[in-house]
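Colleague: Here you go, sequence then predicted model.
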Amino acid sequence: MKTKLAACILAVLALPALTHFGLAQDRKIYLDWAPKPDHPQEYTGANKLITRLDDVLAKHKGQANWTEEVVQTERYDARWISMAPGEKTRTQFYGDDRTCWVVWGGKIRFNIEGQAPFVATKGFLVQVPLRVPYSMETVGDEPSLRFEVTRGHTLPSYPAAHGEPMPPPKDGQHYVKVSYPSSLVSGGMDSYTDKNKPYLDFMKDIVQKYPNGGARGGLFMGDYDNQADIIRGMGVPIPPATNRGHFHVGNDEFWFILEGKIAYEMEGKGLIVSQAGDVVLALPGRFHRASFAPGQMDTRLAFNRSPTMQHNYAEDAGGKQ
């Protein structure tokens, strides 16, 4: 009897926790004490509050091959890459994370193991699962332009079976030939799923299909360690600065503006309005709020650690913004 009673008590005590992590149907609001830096981390180096595409293009005017780092944090490396016609990458893969691209100019032929080759143009969102070899080539007569997102401070691996020589050392690391088994559980390749498909033609499948809105968008990439969320809506009046949004403990978040404009209120920085092609970064512990800017349909592609990352809203905000 004591054992059964103890089990019942534990079950009852567990119910709020299940609700907290979204396993129950009703939505409850909790209050807690969340750690927040006394002085928010500052924007330095490649990590700018906003990286405007016009400035990046002006910096590299007249160049066909160039790379511009945009985000360099513990979690992410994100960069603009321009590649001249006929240029191609070596076959490679990343061992523990999906790789994601936004194609923004020219034409890129993607060769992904297990998939039919395809050509991506402006607005294509492309992803490759972990340990799946891929290569890219610029086709056509103009340079291609892509925004690439990978794990922070991580170099790619290169399949030795392709017969290419050992890659040169880079960033204080050198390459060694290793072996790994075919099973994903033991270290083999991942695969695509219904929720994680090779690509999405955003301009055709979203913008042209829903010119006046419709589906919010939803996840383009999502697993326990990676997320890219399409957030779309018609512009609304910009909320007052008293609506601070939320912050994340120990995690950064950034957005690629796919369409229209997005208005951001950033703690300590005020209001900024971003345009298509711009990248906006929120560093850990800094309150931030994103809203659809008035006047047009707006879309942002949100990158953060995972779909379960906690959003910490102001005490009086009721768990929303």
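Modeller: Yep, it's here. Numbers count the residues shown, from 1 in each chain.
Colleague: thought residue 259 was touching residue 207?
Modeller: Yes - applying CB atoms under 8 Å as the test, residue 259 and residue 207 come out as touching, 6.4 Å apart. (Glycine included, C-beta is placed from N, CA and C.)
Colleague: Compare these two and say which is more crowded by neighbours.
Modeller: Set side by side, residue 259 and residue 207 show more neighbours around residue 259, with 21 against 17, by other CB atoms under 10 Å.
Colleague: list the residues that contact both of residue 259 and residue 207?
Modeller: Residues touching both residue 259 and residue 207 (CB atoms under 8 Å, 6 or more residues apart in numbering): residue 297.
Colleague: Residue 297: neighbour count?
Modeller: Neighbours around residue 297, by other CB under 10 Å: 19.
Colleague: shaky segments in the stretch 201-321 of the chain?
Modeller: 215-216 (pLDDT under 70).
Colleague: Going along the chain, name the strands of it.
Modeller: Taking DSSP state E, counting those that start in this stretch, the strands of the stretch 201-321 of the chain run over residues 217-222, 227-234, 246-247, 253-259, 261-266, 270-275, 279-282, 288-292, 297-304, 312-313.
Colleague: Now render the ones you listed as TSV, adding distance to residue 197.
Modeller: TSV is the format used below for these (distance: least, CB to CB, whole Å):
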stretch	distance to residue 197
strand 217-222	8
strand 227-234	12
strand 246-247	29
strand 253-259	17
strand 261-266	25
strand 270-275	27
strand 279-282	23
strand 288-292	25
strand 297-304	15
strand 312-313	32
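Colleague: Thought residue 274 was touching residue 51, still the case?
Modeller: No - with contact defined as CB under 8 Å, residue 51 and residue 274 do not form a contacting pair (9.4 Å).
Colleague: any shared contact partners between these two?
Modeller: residue 280.
Colleague: Not counting its neighbours along the chain, what's nearest residue 228?
Modeller: Leaving out its chain neighbours, the residue that sits closest to residue 228 by CB to CB, 6 or more residues apart in numbering is residue 221, at 4.0 Å.
Colleague: and if you look at residue 169?
Modeller: Per CB to CB, 6+ apart, closest to residue 169 is residue 175, 7.3 Å.
Colleague: what's the answer for residue 46, then?
Modeller: residue 69 (4.1 Å).
Colleague: correct me, but the one you found touches residue 81?
Modeller: No - taking CB under 8 Å as the definition, residue 69 is not a contact partner of residue 81, at 10.1 Å.
Colleague: neighbour-wise, which of those two wins?
Modeller: Ranked by neighbour count (other CB under 10 Å), residue 69 and residue 81 place residue 81 first, with 18 against 13.
Colleague: does that one belong to a helix or a strand, and which?
Modeller: strand 76-83 (DSSP states H and E).
Colleague: I'd like the average pLDDT over that strand.
Modeller: Average pLDDT, strand 76-83: 98.
Colleague: Quick one: list the elements packing against that strand.
Modeller: strand 66-72, strand 144-151 (3 or more CB pairs under 8 Å, 6 or more residues apart in numbering; DSSP states H and E).
Colleague: Give the buried residues for the first one.
Modeller: Within strand 66-72, the residues that qualify as buried by neighbour count (16 or more other CB atoms under 10 Å) are 66, 68, 70-71.
Colleague: Tell me how far residue 267 lies from residue 321.
Modeller: Distance of residue 267 to residue 321, computed by CB to CB, to the nearest Å: 13 Å.
Colleague: and for these two, which residues touch both?
Modeller: residue 244.
Colleague: Show the pLDDT at the residue nearest to residue 46.
Modeller: 98.
Colleague: which residues does it contact?
Modeller: 46, 77-79.
Colleague: Residues in a beta bridge with it, which ones?
Modeller: residue 79 (DSSP bridges).
Colleague: And it, how close does it get to residue 150?
Modeller: Relative to residue 150, and taking CB to CB, residue 69 is found at 11 Å.
Colleague: do residue 160 as well
Modeller: 21 Å.
Colleague: repeat for residue 95
Modeller: Note on residue 95: its distance to residue 150, by CB to CB, is 11 Å.
Colleague: One more: residue 253?
Modeller: Counting by CB to CB - residue 253 and residue 150 are separated by 16 Å.
Colleague: try residue 233
Modeller: Distance from residue 233 to residue 150, by CB to CB: 29 Å.
Colleague: Same check on residue 135?
Modeller: 15 Å.
Colleague: Just the residues contacting stretch 175-188, thanks.
Modeller: 131, 158, 160, 166-167, 169, 189-191.
Colleague: Number of residues surrounding residue 243?
Modeller: Residue 243: 16 surrounding residues under other CB under 10 Å.
Colleague: what's near enough to touch it?
Modeller: 265, 289, 317, 321.
Colleague: Which two of these have the greatest separation?
Modeller: For the contacts of residue 243, the farthest-apart pair by CB to CB is 265 and 317; their separation is 13.1 Å.
Colleague: Looking at these two now, which is surrounded by more residues?
Modeller: Between residue 265 and residue 317, counted using other CB under 10 Å, residue 265 has the larger neighbour count: 22 against 15.
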